[in-house]
Structures are given as C-alpha cells and as structure tokens.
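# next come a sequence and a model predicted from it.
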Amino acid sequence: DYFIEKNNLWEFALNNNSNEIILEKFLKSKIHKNLKNKLLSILKNISGPIAIRSSSLLEDSQYQPLAGMYSTFMLPNSHTDIKERLEQLCESIKRVYASTFFKGPKSLMDTISHRYEEEKMAVIIMELVGKSHNDRFYPSISGLAQSFNYYPVSYMKRKEGVAYLALGLGRTIAEGEKSLRFSPKYPGIIPQYYSVRSTINNSQNQFYALDLNKGMKLLKKGVEENTSLFDLNIAEKDGELDWSASVISNEDNVIRDSLRFEGPRVITFPYILKWKTIPIPDLLIYLLDLGESSLGCPVEIEFALNIYDDNNEKLTEFCLLQIKPMVVGGLDRIQEFSSIQKKNILCKSSVALGNGLIENIKNIIIVDPKTFDSGKTKLIAKQIEKINQKLSESEKYVLIGPGRWGSSDPWLGIPVEWDQISKAKVIVEYGMDSFPVDPSFGSHFFQNVTSMRIGYFTINHKKRSDKIDMDWINTQQVKSHLI
C-alpha cells in the first residue's frame, strides 16, 4: 500500500512477461514518505549488515511451495551517509517486490493453478548474524534442519530428522553446494566422509561472506549479488577454522582434529559432532520436535551460530532465523503400493533411499549378471561413461549393477566416478551368489544421491522380499550392447 503507483504498477506487472521491464518499472516507482520515515528510523537503530527478503503465503506453503523463487538482498549497511543507506534499502525493497511478478514464479503458479493476484507477499528486514573480519562478514556456522529425513542410513530413522552445516553464509546450503550432512540423533555418523578420499572430495572448500567493501555504490549499476566466495585459508586467518576444521595430515594421511598439522583442511565441525562441546544436535532435536508439534506437520528450520573464544572458553550465540512447514510437494509424492500391480514392479527392495515419483525415465543401463566379470570392473566403468556421454540431458536412466557403485575397490563393484553416471536418476545395486558384497547404502555417492534427489535401491539376493525382474528387462529392445 505504500507504493504511490500501486494500481497501475500491479496491473502492468501482472500482464508483462519481461523480468527486465518489470524491474525497471518498479525501480522508477516511488515509495511513500511515511514508509521512508519508518525505514529511516530502522536504519538509525541498526548499524550492522541487513538482509531484505520476501515472506509470502506460497513460499511457506507445505504443498505449493515457491521457496527460493523471490529475490533476497544482503546489504552491508556500511555507508557513512544514512541517506545513501536508505536509498539502498528502498531499492532492495522494490527489487524484492518486483521479483514476485517475474516469469519464474508466474510459470510455477500456472502449474499449480494459482492466480497471481492471490499471492500475498511482505518484505522482511533482518539483521544478519555474523562477525566482521576486516572487510568480510559471515557467521561461524550456518545451518538448516528438517524433521523428516528421506535418506536415512545406518541406525537413522526417517522421523529423526536431518541437518546440514556449513562455514559462512547459508548460501552454501541453499544452493546445494558442499556442506556437512548428519542426523542430529547420530552426529557421529557422516556417510559422505566414509574414507579419507571421500572426505576430501565432499568437504566444503570455499565459503560465502558478505563483502563490506561493496557498500558504497552497491546497486547503482544493477549489482544484485554482493556475497563473495573465499578459500578456507582466509577463514583460517580469521580464526573461524579453529572450531570447524580438521586436517588430513601430510605425515600419515590420517584426519587430525587440530590445525597444528600440515595438510589439506576439511570441514568436519569436531566441536559439535565429535566432542559435543557445543550441544547443537540436542538443541536441534528439541527445536524440530517443538516445531513439528506446534505446526502439526514436518518442519524446516534455518539457523546460524557465532562462536567466540574467550580465555579458552567457547562462547556461542545460536540464532533461529526461520521455521516453516517442510516442503512435501513436487517429487515428495508417495505412491500407494496397493495401487501398483505386482506384474508392473521392476525392482523391489527392503533397503531404499529417497522418496516420491521420478518421472520421464527413458532408459536402463544394466550390467548383466550372466556375463559380469569382476576382473573387468574398470573397463565396465569406462563403457558406462561412453553411454552416459552419448545420452542427452533429457534421457535419464536407471543404473543397475552388481556390488557397490562407485567403490574405490574395483573388486567390490563398478568403480565409477559421479561424472561417469551423471544422468542416472535411480541407482540399483544387486547381490549375487558368486559376488556377495555388503550394500553401500548409498554412502559412496551420498552427496550426489541426496542433493540430486536420486533414488537408491539395494537388492539382497538372499531376501525373498527383494526382487528385480530380469525376465522383463531381457525382453526389452537393446540400444547398445557392450562387453
């Protein structure tokens, strides 16, 4: 209601499909002086960085989510002239409102049969959680936790939840980059760190921080993103690796929880997950239980921590940033098994990871158990890579093979790297009497399996309940046959 040109502006934005034109129109609009005065009073009481973000009905909807579709801006709020800071804030607000009418959100609303004008959206101004290090601002740890875990392994149960931790700003987690994933009930089980090699491959090696130097002319030339990536050595100089990192020692290739050793730094958060000096897992369990009982459905929370070292005593600030219903739409639909005819089941497993429907799968790549030679697994991996490269991005497939996919030991399965099977949407591991290998439970590809929403099955050949319909597969047309 504070936009002077509200009616014409809204009607124009609803009927225009050009993001650039919509944004330009919003930036030229004026904000009422009453709102400007209120914003000015806010800035007089906030001296640190701020975030300007959206909060809408559909963003927080459990079944029709638009999470991440609207713009968010982080402002250093560091200009010496408060009028310049006010202009940056007003421009950011206009940009957030404009993003409501962008092509992406409109297209998504069309698919869920929702009218654009029925979306209710507000703008939130939040103080950022973090610490200043020279010209960088970021928290010691950012995190996200969900009360339902679609990829439980080992002792984990789905209803025990899952959490993600990252050094620096939470953009690392929000954009699906490398972060540390664990169950709050079993913080010592980290599947993606099953070996030294996998720890190096899956550890976060960069972090996001707000660049305080960009506060002078932040948005004047259309600069929308003022967070920057930094290497871990910068965080080490800032002292933030002291409680978040371990070292893979150059001397013996063993992971050491001390920065005194020479070697690659890896993000393991030993103070939280190993020593429990900071009882974050217990706090997350409490908050997830409280949120789920209050909202009556699975919940998702975002949080951040600042950790200080005061005379060798760790002081921690825990900040709960957001709590909302956990998204259960999209791929999270559940097919009722009673509606599936047994003759149509290709694969059935008592050990599976993931949840929901994965559609438009066009191919099956299978290592035939009749001709499988455990001495040729490296050659098989190369041949699968060639097939993967030939397929277009739309030709997703089910990958079926013996033993452990991605095993570092070629005698335990096919030693593929992730880029060799990048178009796989479902991975199936089957056992054989002549090749009895324990299932990997997805750990070898855990980072990709979870972030790419890939289905995982392991077929225990000794269990009657587990099955794979090889008779049906053998009747299908073969596009490529490799030895």
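Looks like it came in fine. Numbering: from 1, shown residues only.

# use CA for all of it now, contacts and neighbours both
Fine.

# for P187, which non-adjacent residue is spatially closest?
Computed as CA to CA, 6 or more residues apart in numbering, the closest residue to P187 that is not its neighbour in sequence is L273, at 5.1 Å.

# where's that neighbour relative to G291, distance?
Separation of L273 from G291 (CA to CA, to the nearest Å): 22 Å.

# with F102 instead?
Applying CA to CA, the value for F102 to G291 is 32 Å.

# more neighbours, those two?
Ranked by neighbour count (other CA atoms under 10 Å), F102 and G291 place F102 first, with 23 against 20.

# residues contacting the residue nearest to the more buried one when sequence neighbours are not counted?
Nearest non-adjacent residue to F102, counting by CA to CA, 6+ apart: N19, 5.2 Å away. N19 sits next to 99, 101-103 when contact means CA atoms under 8 Å, 6 or more residues apart in numbering.

# for the longest helix seen in the chain, packing partners?
When the chain is parsed with DSSP state H, its longest helix is helix 82-99. Counting contacts by 3 or more CA pairs under 8 Å, 6 or more residues apart in numbering; DSSP states H and E, helix 82-99 packs against helix 19-28, helix 33-45, strand 50-56, strand 73-75, strand 121-127.

# buried residues, the first one. List them.
Taking 16 or more other CA atoms under 10 Å as the basis for neighbour counts, the residues of helix 19-28 that come out buried are 19, 22-23, 26-27.

# just name the closest of the residues you listed to P325, please.
Comparing the buried residues of helix 19-28 against P325 with CA to CA picks out N19 as the nearest, at 29.0 Å.

# gap between that closest one and L391?
Counting by CA to CA, the gap from N19 to L391 is 33 Å.

# equivalent analysis for N149, please.
Shown here: N149 relative to L391, a distance of 32 Å by CA to CA.

# now the helices for the stretch 301-450 of the chain?
Applying DSSP state H, counting those that start in this stretch to the stretch 301-450 of the chain gives helices spanning 377-390, 446-451.

# returning to what we had before: ok, N149 and L391, which is more surrounded?
Counting neighbours by other CA under 10 Å for N149 and for L391 shows that N149 has the greater number, 22 against 13.

# separation between I93 and R85?
I93 sits 12 Å away from R85, taking CA to CA as the criterion.

# just I42 next, same as before
For I42 relative to R85 (CA to CA), the value is 11 Å.

# settle it for me: which of those two has more neighbours?
R85 (22 against 13).

# ok, now which ones touch that one?
With contact taken as CA under 8 Å, 6+ apart, R85 is in contact with 43, 77-79.

# and those, which of them are in helices?
Cross-referencing those against helices under DSSP H gives L43.

# in TSV: the contacts of R85, plus distance to D433, neighbour count and pLDDT.
Converted to TSV, those look like this (distance: CA to CA, whole Å; neighbours: other CA atoms under 10 Å; pLDDT from 0 to 100):
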residue	distance to D433	neighbour count	pLDDT
L43	70	18	95
N77	66	25	90
S78	67	18	85
H79	70	19	86
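
# out of the contacts of R85, which is nearest to I125?
Ranked by distance to I125 (CA to CA), those are led by L43 at 10.2 Å.

# tell me how far the closest one lies from R95.
Taken as CA to CA, the span from L43 to R95 is 19 Å.

# what do you get for L35?
Separation of L35 from R95 (CA to CA): 16 Å.

# check E87 too.
Going from E87 to R95 by CA to CA gives 12 Å.

# go on, I141?
28 Å.

# ok, and the closest non-adjacent residue to I365?
Leaving out its chain neighbours, the residue that sits closest to I365 by CA to CA, 6+ apart is L399, at 5.0 Å.

# same question, R181
Y164 (4.6 Å).

# check contacts around the one you found.
Y164 neighbours (CA under 8 Å, 6+ apart): 143-145, 173, 179-182.

# and for S47?
Applying CA under 8 Å, 6+ apart, the residues contacting S47 are 77-78.

# try it again at 10 Å.
76-79, 127 (CA atoms under 10 Å, 6 or more residues apart in numbering).

# now these as CSV including distance to N360?
Below are those laid out as CSV (distance: CA to CA, whole Å):
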residue, distance to N360
P76, 44
N77, 47
S78, 50
H79, 51
E127, 43
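
# looking at these, which is nearest K237?
When the contacts of S47 are compared against K237 (criterion: CA to CA), the nearest one is P76, at 21.5 Å.

# burial of the residue lying closest to the closest one once chain neighbours are set aside, as a residue count?
Counting by CA to CA, 6+ apart, P76 lies nearest to P49, which is 4.3 Å off, once chain neighbours are set aside. Per other CA under 10 Å, the neighbour tally for P49 reads 22.

# mind pulling up the pLDDT for P49?
Each residue has a pLDDT score; the one for P49 is 94.

# kindly report the same for Q335.
On the pLDDT scale, Q335 gets 59.

# again with E117
Reported pLDDT for E117: 60.

# now swap in S55 and tell me
For S55, the predicted pLDDT is 80.

# that one touches I323, doesn't it?
No: the criterion here is CA atoms under 10 Å, and S55 misses it with I323 at 11.9 Å.

# could you pull up the contacting residues of C90?
Counting by CA under 10 Å, 6+ apart, C90 touches 27, 30-31, 35-36, 39-40, 52, 84.

# for it, give its distance to E24.
Distance, C90 to E24, by CA to CA: 14 Å.

# same question, E429
As judged by CA to CA, E429 and E24 stand 53 Å apart.

# picking up where we left off before, would you check which pair of the contacts of C90 lies furthest apart?
Going by CA to CA, the pair spanning the contacts of C90 furthest: L27 and L40, at 18.8 Å.

# any idea of the pLDDT on the closest residue to F73 other than its chain neighbours?
Excluding the flanking residues, the one nearest F73 by CA to CA, 6+ apart is I52, at 5.1 Å. We have a pLDDT of 92 for I52.

# I'd say I52 and P76 touch.
No: applying CA under 10 Å as the test, I52 and P76 come out as separate, 11.2 Å apart.

# need the residues touching each of those two.
Joint contacts of I52 and P76 (CA under 10 Å, 6+ apart) are L128.

# neighbour count for these two, which is higher?
P76 (27 against 21).

# what stretches of the stretch 351-483 of the chain score poorly on pLDDT?
Residue ranges of the stretch 351-483 of the chain with pLDDT under 70: 437-448, 450-451, 482-483.

# now the strands for it?
Under the criterion DSSP state E, counting those that start in this stretch, the stretch 351-483 of the chain contains strands at 351-353, 361-366, 396-402, 424-430, 455-459, 467-468.

# tell me the contacts of K382?
Applying CA under 10 Å, 6+ apart to K382 gives the contacts 388, 414-417, 420.

# give me the three-state assignment for the residue positioned nearest the centre of the chain.
Centroid check for the chain by CA atoms, centre = their mean gives G176 as the closest residue, at 3.3 Å. State at G176, reduced to three classes by DSSP: H, G, I helix; E, B strand; the rest coil: coil.
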